[in-house]
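# Here you go, sequence then predicted model.
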Amino acid sequence: MPMNRFKDKVVIKAVIFDVDGTLVDSNDLHVEAWREAFRGCGKEIGYEELHEQMGKGGDQLMPVFCSRAELDRYGKELERSRTELFTTDYLPRVRPFPKVRELFERIKADGLAIALASSAKEKELEQHQRNLRIEDLLEAATSADDAERSKPHPDIFQAALEGIKGVAPAEAVVVGDTPYDAIAAAKAGMRTVGLLSGGFTAEALRAAGAIEIYEDVADLLERYDESLLRAKAAAAAASR
């Protein structure tokens with residue numbers, strides 16, 4: 001269901017991908033890791049409540065469910081516990097979505113740079129890159145460790161763009177699966193292509209600012225020629 005095709009002739013030079021829920025099937029596992037960590041601190045949080053917060057890092061997620069006093073008392077321990085739980089018990093169960101490398105190769109064939117911008121910790125991101133077999137196709141990869149604030153703040157996307165030389169925000173497109181990706185990208189001056197693979201609705205992604213919506217990576221690859229990612233070719237053709 002692509003929409004808003006080629007409203008301008010800005011040439012796209014780079015594509016910045018979120019990872020969890022976009023390239024790897026991990027959102028439900030993150031929810032369960034957070035639920036377990038909160039439970040260890042005496043809080044029972046429902047699945048839907050936590051899923052609504054997926055896309056944020058711990059710095060933005062924890063204040064939704066904890067008071068300032070609670071954060072002062074056990075916030076650091078809560079995030080440490082979540083990280084250890086996810087790394088030990090859940091990360092080995094994360095699986096890549098189909099066709100990620102094929103999509104990246106298609107994008108590279110168009111001469112576009114590719115970067116990752118994830119709210120995950122650096123070690124998690126490194127493992128995802130290895131499992132996806134995309135390390136050789138990346139210009140940059142930024143994690144929660146590279147930004148002061150996680151999404152919906154723009155810091156991670158801005159850090160990713162800094163790793164790609166010669167690209168202005170308007171020349172980069174973000175691909176993500178949560179409303180927080182679209183909100184953060186807009187704050188950084190970038191447009192967003194939304195994927196439904198993370199469990200958010202098309203309506204939620206559009207309301208947050210996504211200008212095109214696809215089912216998942218495989219769907220985006222299949223319809224690549226009609227997507228915003230082909231705006232580079234479209235702009236070049238229009239200038240002839």
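Thanks, I have it.

# what's the burial count for Thr88?
Using other C-beta atoms under 10 Å, Thr88 has 10 other residues around it. In this view, the C-beta of every residue, glycine as well, is placed from N, C-alpha and C.

# Reduced to three states, what does it come out as?
helix (DSSP: H, G, I helix; E, B strand; the rest coil).

# Next one: it from Glu36, what distance?
11 Å (C-beta to C-beta, to the nearest Å).

# can you check Ser67 too?
From Ser67 to Glu36 the distance is 21 Å (C-beta to C-beta).

# Check Ala168 too.
Ala168 is 42 Å from Glu36, by C-beta to C-beta.

# hey, C-alpha coordinates of the longest helix belonging to the chain in PDB?
Across the chain, the longest stretch assigned as helix under DSSP state H is helix 68-85. The C-alpha trace of helix 68-85 is given here as PDB (Å, rounded to 0.1, in the frame of the first residue of the first chain):
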ATOM      1  CA  ARG A  68      10.800   9.200  39.300                       C
ATOM      2  CA  ALA A  69      11.300   7.700  42.800                       C
ATOM      3  CA  GLU A  70      11.100   4.200  41.400                       C
ATOM      4  CA  LEU A  71      13.600   5.100  38.700                       C
ATOM      5  CA  ASP A  72      16.000   6.500  41.300                       C
ATOM      6  CA  ARG A  73      15.600   3.400  43.400                       C
ATOM      7  CA  TYR A  74      15.900   0.700  40.900                       C
ATOM      8  CA  GLY A  75      16.000   2.100  37.300                       C
ATOM      9  CA  LYS A  76      19.600   1.100  36.700                       C
ATOM     10  CA  GLU A  77      19.100  -2.400  38.000                       C
ATOM     11  CA  LEU A  78      15.900  -2.700  35.900                       C
ATOM     12  CA  GLU A  79      17.700  -1.900  32.700                       C
ATOM     13  CA  ARG A  80      20.700  -4.000  33.500                       C
ATOM     14  CA  SER A  81      18.400  -6.900  34.300                       C
ATOM     15  CA  ARG A  82      16.500  -6.400  31.000                       C
ATOM     16  CA  THR A  83      19.700  -6.400  29.000                       C
ATOM     17  CA  GLU A  84      21.000  -9.500  30.700                       C
ATOM     18  CA  LEU A  85      17.700 -11.400  30.200                       C
END
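
# still on that earlier bit, between Ser67 and Glu36, which is the more surrounded one?
More crowded of Ser67 and Glu36, by other C-beta under 10 Å: Glu36, with 15 against 9.

# Could you look up the next helix or strand downstream of the host helix or strand of Glu126?
Assessed by DSSP states H and E, Glu126 sits inside helix 122-132. Using DSSP H and E, the helix or strand that follows helix 122-132 in sequence is strand 140-142.

# still on that earlier bit, packing partners for the longest helix of the chain?
Applying 3 or more C-beta pairs under 8 Å, 6 or more residues apart in numbering; DSSP states H and E, one finds that helix 68-85 contacts helix 27-40, helix 58-65.

# Out of the ones you listed, which one sits most buried?
helix 27-40 (a mean of 20; mean count of other C-beta atoms under 10 Å).

# next helix or strand past it?
In N-to-C order, the element after helix 27-40 by DSSP H and E is helix 47-51.

# what does the domain assignment say about the protein?
Under automatic domain parsing, the residue ranges defining each domain of the chain are 14-25+95-238, 27-93.
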